[in-house]
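Trainee: Need a 3D model of the following:
(2 chains)
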Amino acid sequence: AQTVTQSQPEMSVQEAETVTLSCTYDTSESNYYLFWYKQPPSRQMILVIRQEAYKQQNATENRFSVNFQKAAKSFSLKISDSQLGDTAMYFCAFMAHPFYNTDKLIFGTGTRLQVFP
Amino acid sequence: KAGVTQTPRYLIKTRGQQVTLSCSPISGHRSVSWYQQTPGQGLQFLFEYFSETQRNKGNFPGRFSGRQFSNSRSEMNVSTLELGDSALYLCASNLGGLTSYEQYFGPGTRLTVT
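Mentor: Take a look at the predicted model:
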C-alpha cells in the first residue's frame, strides 16, 4: 500500500522569503504522479504543481518548484517570494498511473503554512 | 467550462438520518472520486466511479454508498448517520483514461451531524 508522509504540521515564513515543505512517500510502483495541493480557508482544493515520476526534470510553476528525488522517495515543494495569499494548508498527494485503473489520490496529513507580512 | 459543482454546500442532519450528496463533474469528465475530510483523519478516499462503474472503494462501512449516472453526475449516500460522519465531503473529477491524471475538486459539502 502506498503512504504519504508530511512531517511538518505547521510552518511560517515572512513575505517575500522562500520556504520549503517536505513530503516523503512509499510505493512499490514505478509509474505514478505526485501532486501538491493548496487548501485555503475557503476549503477549495487547488492544484499547485504536479510531477510525473518518469520525468527526471523537476516541475516548476511560476514561484512554485519541486525537488523530486525518486530513489529517496522524496518530493518537496519550494515556494519562492512568498505572498500573503500563499497562506493555506498544503497537501502532498500520490496517484498511481491510470493504467492501474484508478484515479485514487493518497494524501499526506498536510502542512499549515502561514505567511507573515 | 464550469467547474465541479457540489450540492448542497452545507447540511445539518440528526443521528440516525440518511443523507444524499451530489456532485456534477466538469463537462466531458467521466471519472468522479469522493473524499472525506476531517480534522482527526485528514483526507480519506471513499470511492471512485468511471463510466457508471465503481472502480475502487475505500475503507468505509457499508453505510457509505455511491453511484454514477450516465451523464457522469455522481451521488453519495450515507445511511444511519453517526456523529463521526460530520466532515467536509469533497468530490473530484477528471477526464478518465490513460493520459488523464489531473483531478479537479469541487467546493465540498459540509455535513454536520447532531
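Trainee: rest of the way, CA atoms for contacts and neighbours
Mentor: Noted.
Trainee: what's the burial count for residue 107?
Mentor: Here I'm looking at chain A. A:Phe107: 25 surrounding residues under other C-alpha atoms under 10 Å in any protein chain shown.
Trainee: To clarify, I was referring to chain B.
Mentor: B:Pro107 - counted by other C-alpha under 10 Å - has 22 other residues nearby.
Trainee: Not counting residues beside it along the chain, what's closest to it?
Mentor: Distances taken as C-alpha to C-alpha, 6 or more residues apart in numbering or on different chains place A:Gln44 nearest to B:Pro107, at 5.0 Å, with adjacent residues excluded.
Trainee: how much space between the one you found and A:Tyr37?
Mentor: 10 Å (C-alpha to C-alpha, to the nearest Å).
Trainee: which one of those two has more residues nearby?
Mentor: Set A:Gln44 next to A:Tyr37 and count neighbours by other C-alpha under 10 Å: A:Tyr37 wins out with 21 against 15.
Trainee: What ranges does chain B have for its strands?
Mentor: Ranges of strands in chain B, per DSSP state E, are B:5-7, B:10-13, B:19-24, B:31-38, B:42-50, B:53-57, B:64-68, B:74-78, B:87-94, B:104-105, B:109-113.
Trainee: And the residue nearest to B:Pro107, its phi and psi?
Mentor: Main-chain dihedrals, A:Gln44, degrees, to the nearest 10: phi -70, psi 120.
Trainee: list the contacts for the residue nearest to the spatial centre of chain B?
Mentor: For chain B, B:Trp34 is the residue whose C-alpha lies nearest the centre (C-alpha atoms, centre = their mean; 3.3 Å). By C-alpha atoms under 8 Å, 6 or more residues apart in numbering or on different chains, the contact set of B:Trp34 is B:Phe45, B:Leu46, B:Phe47, B:Glu48, B:Tyr89, B:Leu90, B:Cys91, B:Ala92.
Trainee: Now that the residue nearest to B:Pro107 has come up, it's in contact with B:Tyr104, right?
Mentor: No: using C-alpha atoms under 8 Å, A:Gln44 is not in contact with B:Tyr104; the gap is 10.1 Å.
Trainee: before we move on, the earlier item: distance check, the nearest residue to the residue nearest to the centre of chain B once chain neighbours are set aside against A:Arg112.
Mentor: Nearest non-adjacent residue to B:Trp34, counting by C-alpha to C-alpha, 6+ apart: B:Cys91, 4.4 Å away. According to C-alpha to C-alpha, B:Cys91 stands 22 Å off from A:Arg112.
Trainee: With neighbour numbers in mind, choose between those two.
Mentor: Neighbour tally, B:Cys91 and A:Arg112, criterion other C-alpha under 10 Å: the higher count belongs to B:Cys91, 32 against 19.
Trainee: picking up where we left off before, need the pLDDT of the residue nearest to the centre of chain B.
Mentor: If you check B:Trp34, the pLDDT there is 98.
Trainee: What of the one 10 residues further on?
Mentor: Per-residue confidence (pLDDT) for B:Gln44: 96.
Trainee: Can you get me a residue count around it?
Mentor: B:Gln44 has 21 neighbours, counted by other C-alpha under 10 Å.
Trainee: What of A:Ala72?
Mentor: 10.
Trainee: With A:Thr111 instead?
Mentor: A:Thr111: 21 neighbours (other C-alpha under 10 Å).
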